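[1] I'd like to go over a predicted model; first the sequence, then the structure.
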Amino acid sequence: MQREVGTHLKTDVLVVGAGGAGMYAALEAARTGADVTLVDRSLIGRGGATVMAQMTVAAALGEQTPDHWEHHLADTIAAGRGLCDEKLAAILCEDGPRRIREMDGWKVGWAREDGHIKQVQAPGHDRPRCVYVDFLSTGPAVSKTLRGRLNEASGIRRIGDLLIVDITVRDGEACGATALHLATGTIVTIAARAVVIATGGLTRLYRRNSASSNMGGDGYALALRAGAELVDMEFVQFFPIGHLAPRLVGMDPIMWDPFRYKLGGKLLNAEMREFEADYANRDGRSDGRYVLTRDLATYAISKEVEAGRGSPASGAYLSFRHVPPDEIRRAFGPVVDRLAANGIDLARQPIEVAPIAHYHMGGIRVDETLQTRVTGLFACGEAIGGANGANRLSGNAITETFVFGARAGRHAALRALKHSGAAEPDAAAIDLLHRAARRDAPNTAALVAAVQSLMAEKVGPFRTDDKLRSAIAELAEIKNEIGDDPIASSAGGFDPVLVDWLDLRNMLQVAQAVALPALARTESRGAHQREDYPVQSDDWGVNQIVELADQALNITLAEKRIAA
């Protein structure tokens, strides 16, 4: 049943992942003069997190309220609890306005008021700074605009249904990749002078998550096996008010923040009492408004549930019953009708919400050019770590998609245009796929679900030594269970068994890369909350670095930082 080696491609820049960051990287690399190949395991521009994002994009435009990128930087660093890579954070904040205006020139349709791009205030910001298209369609509008630019661009080859198995590295330099073409089951090899990883985050590791199904941490695993480092992997952000009940069909589970921004929704416990103020000063931080930063709101809801004051589905109530029905309709128009089709009338009933895995602050460690320690290997978007530290400031996610996508694409192109080498295909990756065969083996789909459950239960928002040690042991057991040889159901296309095995290979490696530094960090900081170490410690004002050595993950400490 040996799998066929099909096409061999050559390109200047290979971009892996075609969400917002990947598309922006491809566009910028092509504008710099490189020949680009943009690949994705899903449809181009239809997977990843950007297309699902609904809300706002942070940038110090100063269109309606005086602002400066350094104010944005101060808020970003404060949210990051002393662990931000300040050079990356400064690039994010300083270049953000330029990218927002570039997207405006590309007719993305930012909302306007009195001739100015409209900006609203989001949690953790010191002033109105966040732009949007509309409160439920910002991400889709951004993705559509970038897809349109790709259609108009020259020098960009786009290939969907291509799952990258490993990055090719020769003499310490990234020089291509080996892939599985999902539709045909054939092996595709790609030679490239530079590679950009733009595969997004890892929230698929968790049972309840807000991301696309292809965000299982692929890029982190690819980077590790290529020789790159990861940073801040213990910091997984849980969106505090993910929809829980009643059933919501055809709408995003994280849609409720815009309603809170505009209408002042109230978080209530089972006693129908507002409780946010009880937690506002837990770590000495509060923005003085009706919302807590995401890590504190997650903590507040979880603690109310733990104390027996949760809603029937084990969350909290989000109520708009204090808002007149006409005002709700004025604010959200047809969205109210879509909610009504789901049996939800915000003027009459609260809905139930609970934390949901939403974003990852950690990721691939890069320098100011977005290059990893592997020459020629770049990364961008949610795939990189460092800029957000221990907790991401609301609104920064799409901003980093634009800023870091463009920067990685440009520097990858500059590297490729100066480098004339070409590499042979990676024999080890090809051999791995050749070994894929039918055999008596565990149900790979069931094991994916098992990984998601144990991560949710033991490496979720609130962690303990016992839970983390148990998770690490269970992950090792599952890794042993699936073995080193891929499991397949056929040599043809669309083989879900093989895809699940390849996903498990990545997910298990990345899950360990989260759990191990989480066990080591004996404090609570930002999105990493240890119930057995509930206080932030000055001794832990330091980043943890993960690398792969002799098939094992090593955890080391970066240079000491001053704690927030």
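    Thanks, I have it. Numbering: from 1, shown residues only.

[2] I'd like to know which elements the lowest-mean-pLDDT helix or strand in the chain is packed against.
    Ranking every helix and strand in the chain by mean pLDDT, DSSP states H and E puts helix 256-263 at the bottom, with a mean of 78. Secondary-structure packing of helix 256-263 (3 or more C-beta pairs under 8 Å, 6 or more residues apart in numbering; DSSP states H and E): strand 236-245, helix 325-332. Placement of C-beta: from N, CA and C, glycine included.

[3] in this structure, which residue is most central in space?
    The geometric centre of the chain, computed from its C-alpha atoms, lies nearest to Gly201 (C-alpha atoms, centre = their mean), at 3.4 Å.

[4] what residues are up against it?
    49, 211, 215, 217, 359-360, 363, 382-383 (C-beta atoms under 8 Å, 6 or more residues apart in numbering).

[5] what strand or helix carries it?
    According to DSSP states H and E, Gly201 maps onto no helix or strand at all.

[6] ditto for Asp500
    helix 496-520.

[7] check Ala558 too.
    Here Ala558 is assigned to strand 552-560, by DSSP H and E.

[8] packing partners of that strand?
    Packed on strand 552-560, when contacts are counted by 3+ C-beta pairs under 8 Å, 6+ apart, are helix 496-520, strand 542-549.

[9] just the angle for that strand relative to helix 496-520, thanks.
    Strand 552-560 and helix 496-520 are oriented at 40 degrees to each other (axes from the mean of the first three to the mean of the last three C-alpha atoms, to 10 degrees).

[10] on that earlier part again, direction-wise, compare the helix holding Asp500 with strand 542-549 and give the angle.
    Going by the same axes, to 10 degrees, helix 496-520 makes 140 degrees with strand 542-549.

[11] name the helices or strands packed onto the next helix or strand along the chain from helix 496-520?
    Reading on from helix 496-520 to the C-terminus, the next helix or strand found by DSSP H and E is strand 529-530. Other helices and strands packing on strand 529-530, by 3+ C-beta pairs under 8 Å, 6+ apart, are strand 462-463.

[12] where does this structure dip in pLDDT?
    In the prediction, the chain carries residues with pLDDT under 70 at positions 1, 135, 281-291, 422, 560-564.

[13] same thing but 80
    Across the chain, residues meeting the criterion (pLDDT under 80) sit at 1-2, 52-55, 135-136, 211-213, 250-252, 257-262, 280-295, 332, 420-423, 559-564.

[14] quick revisit: out of the contacts of Gly201, the closest to Ala58 would be?
    Tyr359 (13.5 Å; C-beta to C-beta).

[15] mind checking the SS state of that closest one?
    strand (DSSP: H, G, I helix; E, B strand; the rest coil).

[16] switch to numbering from 759
    Yes, from this point I'll number from 759; that puts the last item at Tyr1117.

[17] find the nearest non-adjacent residue to it, please.
    What sits nearest to Tyr1117 in space, not counting adjacent residues and going by C-beta to C-beta, 6 or more residues apart in numbering, is Gln995, at 4.2 Å.

[18] and the one you found, how many residues sit next to it?
    By the criterion of other C-beta atoms under 10 Å, Gln995 has 24 neighbours.

[19] that one and Asp1053 touch, don't they?
    Yes: assessed by C-beta atoms under 8 Å, Gln995 is found in contact with Asp1053 at 7.2 Å.

[20] now do the shared contacts for the two.
    1149, 1285.

[21] perfect, that will be all.
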